[in-house]
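Enquirer: next input, structure requested:
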Amino acid sequence: MNTRLLLTALLACSSLAVAEIRVGVIVSGTGPAASLGIPERNTVALLPQTIAGQKIVYTILDDASDTTAAVTSARKLIQDNKVDLIIGTTTTPASLAMIDVVSEAKVPMISLAASETIIKPVDAKRQWVFKTPQTDAIMAAAIAQHMQQNKIKTVGYIGFNDAYGEGWLAELKKNAATRGITVVAEERYGRSDTSVTGQILKIVAAKPDAVLIGASGVPGVLPQKTLGDRGYAGKIYQTHGVANADFLRVGGKDVEGAILPAGPVLVAEQLPDSNPNKKVGLNYASLYQARYGNEGVSTFGAHMWDAGLLMQKAIPAALKKAQPGSAEFRSALRDALEGSRNVIGAHGIFNLSATDHLGLDARSRVMVQVVDGKWKLLK
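Expert: Below is the predicted model:
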């Protein structure tokens with residue numbers, strides 16, 4: 001009997017010794033959102049390989065900027081890889097489509113996409129979903145404030161013909177109305193479109209004081225270039241979805257002067273030393289550039305970095321309640337993520353709760369402008 005008990009104990013200890021936490025990652029490594037997804041994918045290599053003594057195994061899948069592929073990838077990670085957590089995906093439409101999959105399987109997910117509708121309202125399904133990027137609501141408020149300060153009275157809008165673009169239009173209308181700004185033109189385009197001439201002609205004809213482009217990544221260049229080609233002289237605003245080096249590289253002189261809200265990591269070196277996110281942002285930039293070369297910091301890669309920080313905060317708490325690979329652990333991890341407080345990230349300070357699965361406030365945004373091909377912090 002004693003021998004049997006000893007063998008049982010040894011087997012249990014052996015099982016614990018090789019326990020691992022499996023993290024599934026879905027990003028848009030190819031397709032129209034690749035300029036966002038590639039730095040996200042690259043950042044996974046910078047995340048910890050062990051947390052609280054547990055080995056972390058990352059499995060990375062590319063959804064090719066396709067909603068159906070994202071859903072298929074989520075199912076694969078849950079069914080075949082038995083993941084305890086999913087981080088991803090890059091775009092709003094695909095992240096929204098993944099909600100049903102993760103909630104049914106009761107696997108927590110940290111989205112890397114922007115729309116507030118990914119996490120709100122926190123209902124029976126969204127209780128399993130968290131995110132790290134600033135919402136369109138947070139950023140639209142900053143744009144409307146900047147417009148008001150610059151005496152803009154009318155604005156035109158052109159954005160993606162999907163959930164990202166529609167979410168931004170809704171937030172623009174809401175925030176503009178509170179500041180006495182009128183939306184005088186609304187146009188849409190596809191992420192893969194090669195021309196928006198017709199839409200821009202309609203916007204220019206409305207003679208708005210400013211134009212907001214509700215796009216992300218390199219596809220955000222096209223409307224601004226077309227506005228310039230048509231001689232538009234008003235202010236042009238972009239969303240935080242274009243805050244990466246590829247937007248500057250592809251856009252060149254055509255995106256000069258663009259104004260947008262962004263996470264503080266984008267201009268970390270320009271922040272005052274008193275800003276709590278400066279140290280984290282500079283540390284992330286240093287690690288990324290040491291591995292991948294001296295390219296501009298991507299706010300999208302930093303969203304992955306912040307997801308890693310939340311993971312490092314939540315996993316030790318979850319391990320106190322259950323072992324990895326179990327439904328109990330995934331539930332405990334969900335609870336721990338929801339209880340994360342004062343996590344200082346590259347983009348802001350995260351204080352999550354049962355009603356807010358992002359936990360960022362106005363400190364998570366700064367206004368920047370493209371000046372001489374670089375990001376400049378606006379005071």
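Enquirer: ranges for the strands of the stretch 101-250 of the chain?
Expert: The residue ranges that make up the strands of the stretch 101-250 of the chain, judged by DSSP state E, counting those that start in this stretch, are 109-111, 129-131, 154-160, 182-189, 210-214, 235-238.
Enquirer: same check, this time on the stretch 251-379 of the chain
Expert: Using DSSP E, counting those that start in this stretch, the strands of the stretch 251-379 of the chain run over 259-262, 343-344, 349-350, 366-371, 374-377.
Enquirer: Thr59 versus Gly325, what's the distance?
Expert: 14 Å (Cβ to Cβ, to the nearest Å). For every residue, glycine as well, the C-beta is placed using N, CA and C.
Enquirer: just to revisit the earlier point, just the strands of the stretch 251-379 of the chain: most buried one?
Expert: Highest mean neighbour count among these (mean count of other Cβ atoms under 10 Å): strand 259-262, with a mean of 25.
Enquirer: remind me what that strand packs against, helices and strands.
Expert: When contacts are defined as 3 or more Cβ pairs under 8 Å, 6 or more residues apart in numbering; DSSP states H and E, strand 259-262 packs onto helix 136-149, strand 235-238, strand 366-371.
Enquirer: give the other helices and strands that the shortest one contacts.
Expert: For strand 235-238, the packing partners by 3+ Cβ pairs under 8 Å, 6+ apart come out as helix 136-149, strand 210-214, helix 221-229, strand 259-262.
Enquirer: now mean pLDDT and distance to Ala307 too, for the ones you listed, in CSV please.
Expert: Formatted as CSV, these follow (pLDDT from 0 to 100; distance: least, Cβ to Cβ, whole Å):
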stretch, mean pLDDT, distance to Ala307
helix 136-149, 97, 17
strand 210-214, 98, 24
helix 221-229, 98, 27
strand 259-262, 98, 18
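Enquirer: re earlier: in CSV, list the strands of the stretch 251-379 of the chain along with distance to Arg126.
Expert: Putting the strands of the stretch 251-379 of the chain into CSV (distance: least, Cβ to Cβ, whole Å) gives the following:
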stretch, distance to Arg126
strand 259-262, 24
strand 343-344, 20
strand 349-350, 17
strand 366-371, 28
strand 374-377, 33
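Enquirer: picking that back up, mean neighbour count added to the strands of the stretch 101-250 of the chain, as JSON lines?
Expert: Shown next, in JSON lines, are these (neighbours: other Cβ atoms under 10 Å):
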{"stretch": "strand 109-111", "mean neighbour count": "28"}
{"stretch": "strand 129-131", "mean neighbour count": "26"}
{"stretch": "strand 154-160", "mean neighbour count": "25"}
{"stretch": "strand 182-189", "mean neighbour count": "18"}
{"stretch": "strand 210-214", "mean neighbour count": "27"}
{"stretch": "strand 235-238", "mean neighbour count": "24"}
